[in-house]
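# pasting the sequence and the predicted coordinates here, then a few questions.
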Amino acid sequence: GAVVSQHPSWVICKSGTSVKIECRSLDFQATTMFWYRQFPKQSLMLMATSNEGSKATYEQGVEKDKFLINHASLTLSTLTVTSAHPEDSSFYICSASVHNEQFFGPGTRLTVL
Amino acid sequence: GNSVTQMEGPVTLSEEAFLTINCTYTATGYPSLFWYVQYPGEGLQLLLKATKADDKGSNKGFEATYRKETTSFHLEKGSVQVSDSAVYFCALIYNAGNMLTFGGGTRLMVKP
């Protein structure tokens, strides 16, 4: 089946630093990847849609300068949380779309101290 | 726009009880419907799906039938186990590349 990996699985950083999260489709090519954010005991909130070779489309209320998304190849999308603050602490999940289905990564837990 | 509504949890059941988690949707056209499961501390795993009306998705004892007339995709399992304790998300998608629309999730707790 289609496998999506994320790295790192968890990260703790100091306030003000930037954190990069990678999302990879391991055995298929994905022209479209999605980034979600999930707060404790809540549903997933779509942050942005990432298309290979073009700029990401951000959902309303998501700061594009704070959450930088790069989709440089058909198997890799990255999310960089710039100048992270404690309120950015969350569970970030990516997914890759193929054949009318999305396959999810295992998630990255970010804790900003 | 599209939306998905799930019954609110938590749902607490004893082992071997029957499970139903209701899911209804609002969408134009004919979306594909999904149930995802999220175990504690993990990402989402696809549990089952149905792509057209009257299709029944099934996996690991779970079933859901795509009901166009009632715009529903209720999740059922005849006998739950403690290991089924997780959060279940109902979702829909229109076509390749489009975003998933998620329900709010339903937490299931199964007690031995």
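Yep, that arrived.
# pull the distance from stretch B:27-38 to the chain's centre.
9 Å (C-alpha atoms, centre = their mean, to the nearest Å).
# show the end-to-end separation of it, please.
End-to-end distance of stretch B:27-38 (C-alpha to C-alpha, to the nearest Å): 24 Å.
# if I look at the most centrally placed residue in chain A, how far off is B:G9?
With distances taken as C-alpha atoms, centre = their mean, A:W35 lies nearest the centre of chain A, 3.9 Å away. For A:W35, the distance to B:G9 equals 26 Å [C-beta to C-beta, to the nearest Å]. The C-beta positions use only the backbone N, C-alpha and C, and glycine is treated the same way.
# hmm, back to that, the nearest residue to the residue nearest to the centre of chain A once chain neighbours are set aside: how many residues sit nearby?
Closest residue in space to A:W35, ignoring its immediate chain neighbours: A:M47 at 4.6 Å, by C-beta to C-beta, 6 or more residues apart in numbering or on different chains. Counted with other C-beta atoms under 10 Å in any protein chain shown, residues neighbouring A:M47 total 24.
# how much space separates A:M47 from chain B?
For A:M47, the distance to chain B equals 11 Å [C-beta to the nearest C-beta, to the nearest Å].
# ok, that residue touching A:Q38?
No: using C-beta atoms under 8 Å, A:M47 makes no contact with A:Q38, being 10.3 Å away.
# what bridges to residue 109?
The chain I'm using is chain A. A:R109 forms beta bridges with A:W10, A:F91, as assigned by DSSP bridges.
# meant chain B actually
Per DSSP bridges, the residues bridged to B:M109 are B:T12.
# that one contacts B:S85, doesn't it?
Yes: contact criterion C-beta under 8 Å: B:M109 and B:S85 qualify, at 5.3 Å.
# which residues of chain B lie near chain A?
B:32, B:34, B:36, B:41-46, B:49, B:51, B:89, B:93, B:95-100, B:102-105, B:107 (C-beta under 8 Å from any C-beta of the partner chain).
# among those residues, name the buried ones.
Buried members of these, counted by 16 or more other C-beta atoms under 10 Å in any protein chain shown: B:32, B:34, B:36, B:42-44, B:46, B:49, B:89, B:93, B:97-100, B:102-105.
# which one's more surrounded, B:M109 and B:S85?
B:S85 (18 against 14).
# any idea how far that one lies from B:A53?
For B:S85, the distance to B:A53 - C-beta to C-beta - is 31 Å.
# run through the strands of chain B in chain order.
Using DSSP state E, the strands of chain B run over residues B:3-6, B:11-14, B:19-21, B:23-26, B:32-38, B:44-50, B:56-59, B:62-65, B:75-77, B:86-93, B:101-102, B:106-111.
# and the lowest-mean-pLDDT helix or strand in chain B, what does it pack onto?
None of the helices or strands of chain B scores lower by mean pLDDT, DSSP states H and E than strand B:101-102, at a mean of 88. Strand B:101-102 sits against strand B:3-6, strand B:86-93, with contacts defined as 3 or more C-beta pairs under 8 Å, 6 or more residues apart in numbering or on different chains; DSSP states H and E.
# what lines up beside the longest one in the sheet?
I take that to be strand B:86-93. strand B:32-38 (antiparallel), strand B:101-102 (antiparallel), strand B:106-111 (antiparallel).
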